[in-house]
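Enquirer: next input, structure requested:
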Amino acid sequence: MVFHAVLRRYPGPGAWVFAPVPEEHAPEVRGPFGRVPVTATVDGRTWSTSVRRDSRAGWLLAVPARVRGDKDDGDVVSVEVVVDASRL
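Expert: Below you'll find the model as predicted:
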């Protein structure tokens, strides 16, 4: 299921840009170290990655520059995450 997310830059030098994953779209399982392998699609670009659970920010999907293009902190993206059970 597709949802829209506002990209957020994690604080700190060289920080990653994340798309918060709403609870209703979050994985129901947890993998090692709180990560869950997924197939993610952001604005039509698909790749294999993982989502992780942050104790304060909830579920987060790191979105690399090669996927987000010229979008950055504060921009809205279309997101889909599907748990990859073969990698659990």
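Enquirer: which phi and psi does the residue most central in space within the chain have?
Expert: Nearest to the geometric centre of the chain sits residue 61, at 1.4 Å (CA atoms, centre = their mean). Per-residue torsions, residue 61: phi -110, psi 110 (degrees, to the nearest 10).
Enquirer: how many residues are close by residue 55?
Expert: When neighbours are defined as other CB atoms under 10 Å, residue 55 has 6 of them. Any C-beta I mention is one placed from the backbone N, CA and C, and that applies to glycine too.
Enquirer: confidence score at it?
Expert: The score at residue 55 is 84. That number is its pLDDT.
Enquirer: count the neighbours of the residue nearest to residue 15 when sequence neighbours are not counted for me.
Expert: Distances taken as CB to CB, 6 or more residues apart in numbering put residue 9 closest to residue 15, at 5.3 Å, once the chain neighbours are dropped. Neighbour count of residue 9, defined by other CB under 10 Å: 12.
Enquirer: what's opposite residue 9 in the beta bridge?
Expert: residue 17 (DSSP bridges).
Enquirer: distance of it relative to residue 17?
Expert: 5 Å (CB to CB, to the nearest Å).
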